[in-house]
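Participant: one predicted model, sequence on top.
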Amino acid sequence: MGRPFVYVNMAASVDGKITSSDREYPRLTSAHDRETMDRLRAEADAILVGAGTARADNPPLHVRSEEMRDYRRSLGKPESLDRVLVSASLDIDPENRFFTDDGGTRIVATVEQAPADRVKAIETRAEIWRVGSERVDLVELLRRLEARGVGRLLVEGGGELNWGFLEHDLLDELYVTIAPCLLGGAVAPTLLEGRGLKMADQTRLRLIDLHREQDELYCRWAVVR
């Protein structure tokens with residue numbers, strides 16, 4: 001394949017929003033969804049997020065429960081996930097949890113023209129990979145991650161980053177938790193942003209699994225090639 005297996009995990013309202021128009025911290029789903037997230041993290045070799053998600057949510061990027069850490073060990077994986085942050089501008093606080101939480105290797109994927117002062121602010125906290133000129137070259141990034149031993153890469157958004165993986169045909173599976181709520185908002189972020197596809201070019205999905213947990217729906221889709 002020449003790259004890791006790439007799977008996205010996201011939660012969205014019934015109308016497809018991943019947060020509100022004000023980009024508040026998303027509180028859409030139940031504890032069961034968080035347990036599902038933990039299992040998907042336990043199965044990954046690395047976890048990847050965009051800078052926008054890191055800035056807005058400042059999420060912890062580790063396997064949270066001891067049960068899932070045990071599960072991860074049973075798979076023969078190291079204690080901690082490697083973490084990857086994608087940011088062309090490097091507009092990210094050096095005190096963000098991406099840099100400060102304990103865990104595995106931290107990699108920041110940026111561009112050749114990344115601002116020198118921002119590189120200097122984080123270069124002691126993470127490996128800096130310059131891949132691409134104006135935009136981060138996701139194809140090259142995945143090639144380098146595979147060379148580092150990453151076989152399964154979990155992407156946790158946001159929508160612009162998800163679009164980049166779809167645009168370059170780098171997405172293999174999509175896990176979506178549909179939360180029993182509506183948010184609306186013309187500018188509220190969705191699962192997939194970017195310029196979008198024409199109807200004739202739509203990416204088709206095959207449903208692998210669907211189950212209900214109270215009022216939430218858990219969907220697992222494979223990209224059809």
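Facilitator: Structure's in. What do you need?
Participant: for the worst-scoring helix or strand of the chain on mean pLDDT, which positions count as buried?
Facilitator: Using mean pLDDT, DSSP states H and E, helix 51-57 stands out as the lowest-scoring helix or strand of the chain, at a mean of 90. Neighbour counts using 16 or more other CB atoms under 10 Å place 51, 52, 53, 54, 56, 57 of helix 51-57 among the buried residues. Just so you know, the C-beta spots here come from the backbone N, C-alpha and C atoms, and that holds for glycine as well.
Participant: where does pLDDT dip in the protein?
Facilitator: Filtered on pLDDT under 70, the chain yields the residue ranges 1.
Participant: scan it for its longest helix.
Facilitator: Looking across the chain with DSSP state H, the single longest helix is helix 31-42.
Participant: list the buried ones in that one?
Facilitator: Buried, per 16+ other CB under 10 Å, within helix 31-42: 33, 36, 37, 38, 40, 41, 42.
Participant: ok so, going back, which of the buried residues of helix 51-57 lies closest to residue 221?
Facilitator: Ranked by distance to residue 221 (CB to CB), those are led by residue 53 at 20.7 Å.
Participant: got a list of what that closest one touches?
Facilitator: Listed by CB atoms under 8 Å, 6 or more residues apart in numbering, the contact set of residue 53 reads 59, 156, 157, 158, 161.
Participant: who touches the last one in this structure?
Facilitator: So the one you mean is residue 161. Listed by CB under 8 Å, 6+ apart, the contact set of residue 161 reads 48, 49, 50, 52, 53, 86, 155.
Participant: pick the one among those residues closest to residue 207.
Facilitator: The shortest gap between residue 207 and any of the contacts of residue 161 belongs to residue 155, at 19.5 Å (CB to CB).
Participant: neighbours around the closest one, how many?
Facilitator: Neighbour count for residue 155, taken as other CB atoms under 10 Å: 26.
Participant: ok, now the one 10 residues further on?
Facilitator: By other CB under 10 Å, 22 other residues sit near residue 165.
Participant: residue 160 now?
Facilitator: What residue 160 shows, counting by other CB under 10 Å, is a neighbour count of 16.
Participant: other residues contacting stretch 197-212?
Facilitator: Residues from elsewhere that reach stretch 197-212 (CB under 8 Å, 6+ apart): 166, 173, 174, 217, 218, 219, 220, 221, 222, 223, 224.
Participant: hmm, try it at 6 Å
Facilitator: The contact list for stretch 197-212, computed with CB atoms under 6 Å, 6 or more residues apart in numbering, reads 218, 219, 220, 221, 222, 224.
Participant: separation between the third one and residue 36?
Facilitator: When CB to CB, to the nearest Å is applied, the distance between residue 220 and residue 36 equals 10 Å.
Participant: what does the first one give?
Facilitator: In this view, residue 218 and residue 36 are 7 Å apart by CB to CB.
Participant: got a markdown table for the buried residues of helix 51-57, with distance to residue 129 too?
Facilitator: Formatted as a markdown table, the buried residues of helix 51-57 follow (distance: CB to CB, whole Å):
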| residue | distance to residue 129 |
| --- | --- |
| 51 | 14 |
| 52 | 19 |
| 53 | 18 |
| 54 | 16 |
| 56 | 23 |
| 57 | 23 |
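Participant: all the helices of the protein, residue numbers only.
Facilitator: For the chain, helices defined by DSSP H occupy the ranges 31-42, 51-57, 66-74, 97-100, 116-122, 138-147, 159-167.
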